[in-house]
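> Sequence first, then the predicted structure, then my questions.
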Amino acid sequence: MSTPRTPPPGGRRTVAPALAAAALAVTAGHIGPAVTWIPSVRAALGPALHGRGDSRRVALTFDDGPDPGSTPDFLRALDRLDVRATFFVLGSRLADQPDLGHRMAAEGHELAVHGWRHERGWAPRPLRDARDLERAAEVVHGVAGTYPVWYRPAYGVLTGGRWAAARRAGLHPVLWSAWGRDWTASATPGSVLAEVTSTLRGGATVLLHDTDAYSAAGSWRVTLAALPLVVEACRSRGLTVGRLADHGIGEPTPVVGGPARAGHRGR
């Protein structure tokens, strides 16, 4: 009978640091790309991710819907303004409101993916991220009749896992280059306008919200009141306001530590 081998002295002590280093590498690969939440970082590393497009245009985008209690008011306002926008919708909400989604698409607005639910996604969960994002994209496809092009993660937190999931789903990640901070309880139409115009340039992508589902109660009414002011401010600068689809954004530039985008699946 052979004698069991005794591990060399210190052998067990070397395993723990190696596992810790591996865990740290996985975490860094997941969290690292989320640094693109910082506007100056994404502007420098990924102009397309920053939403930079045709210098003669501004892309108008809305997050977090659709919401039957507020989105129709935005659709009416946009119709009066003769503007078509891009709505980053949550798959779970769109699945509950397919008729509203049909209306949005029929009126010429673009439906894009905001995820399945409104979650921060800091913890690595690659399989769930991939499943949820593809599920949301399929719901948009079924409602709008065309496969979505764009993906903006909830809270703008683009982790490595979410980036990989977007690549797998054939979606272009895009954040924003101007926002209105319209989700806050202290927002007013004037403050929303001031926030947007403080960083507004030709080629910008503007972030607003068509619901208060994840914002201060009643904040959507402030955004609605600010909407014509924002559109007029853009037009007074000679800029055309419209959808991301018409914005001339090129291929997103991969951020160091994040995966490169794969080709669209041809849907």
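The structure has been received and is ready for your questions. This one's a predicted model, so the numbers in the text were calculated from it and none came from an experiment.
> do you know how far the residue nearest the centre of the chain is from Ala233?
When the chain is reduced to its mean C-alpha position, the nearest residue by C-alpha atoms, centre = their mean turns out to be Arg152, at 1.3 Å. Taken as C-beta to C-beta, to the nearest Å, the spacing of Arg152 relative to Ala233 amounts to 23 Å. C-beta coordinates here come from the backbone N, C-alpha and C atoms, glycine included.
> Tell me the strands beside the one helix or strand Val206 maps to, with direction?
In this structure, Val206 is located in strand 205-209 according to DSSP states H and E. With DSSP bridges as the test, strand 205-209 is paired with strand 57-63 (parallel), strand 178-179 (parallel).
> how about JSON lines for those strands, with mean pLDDT, mean neighbour count and distance to Val222 added?
What follows is these, written out as JSON lines (pLDDT from 0 to 100; neighbours: other C-beta atoms under 10 Å; distance: least, C-beta to C-beta, whole Å):
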{"stretch": "strand 57-63", "mean pLDDT": "98", "mean neighbour count": "27", "distance to Val222": "14"}
{"stretch": "strand 178-179", "mean pLDDT": "95", "mean neighbour count": "22", "distance to Val222": "14"}
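> So which of those is nearest Val196?
strand 178-179 (5.2 Å; C-beta to C-beta).
> and stretch 164-177, average pLDDT?
What stretch 164-177 shows for mean pLDDT is 93.
> ditto for stretch 148-157
For stretch 148-157, mean pLDDT rounds to 93.
> Name the residues that touch that stretch?
34, 37, 61, 63, 86, 88, 90, 110-115, 117-122, 133, 137, 140-141, 159, 162, 166, 169, 171-176, 214, 244-245, 264 (C-beta atoms under 8 Å, 6 or more residues apart in numbering).
> which of these count as buried?
34, 61, 63, 86, 88, 90, 110-115, 118-119, 121, 133, 137, 140, 159, 162, 166, 169, 171-176, 244-245 (16 or more other C-beta atoms under 10 Å).
> ranges for the strands of the stretch 1-150 of the chain?
57-63, 86-89, 110-113, 150-151 (DSSP state E, counting those that start in this stretch).
> Could you export those as JSON lines, including distance to Thr223?
What follows is the strands of the stretch 1-150 of the chain, written out as JSON lines (distance: least, C-beta to C-beta, whole Å):
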{"stretch": "strand 57-63", "distance to Thr223": "8"}
{"stretch": "strand 86-89", "distance to Thr223": "13"}
{"stretch": "strand 110-113", "distance to Thr223": "18"}
{"stretch": "strand 150-151", "distance to Thr223": "20"}
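> Tell me which of those lies nearest to Arg201.
So among the strands of the stretch 1-150 of the chain, strand 57-63 is nearest, using C-beta to C-beta, at 8.7 Å.
> Just the CA atoms of that closest one, as PDB, please.
Taking Å, rounded to 0.1, in the frame of the first residue of the first chain, the C-alpha atoms of strand 57-63 are listed here in PDB:
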ATOM      1  CA  ARG A  57     -28.000  66.800 -35.100                       C
ATOM      2  CA  VAL A  58     -29.000  66.000 -31.500                       C
ATOM      3  CA  ALA A  59     -30.400  62.500 -30.600                       C
ATOM      4  CA  LEU A  60     -33.200  62.700 -28.100                       C
ATOM      5  CA  THR A  61     -33.600  59.600 -25.900                       C
ATOM      6  CA  PHE A  62     -35.900  58.600 -23.000                       C
ATOM      7  CA  ASP A  63     -35.200  55.800 -20.400                       C
END
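> residues touching the closest residue to Ala95 other than its chain neighbours, list them.
By the measure of C-beta to C-beta, 6 or more residues apart in numbering, the closest residue to Ala95 outside its immediate chain neighbours is Val139, 5.2 Å from it. Contacts of Val139 were listed using C-beta under 8 Å, 6+ apart, and they are Gly91, Leu94, Ala95.
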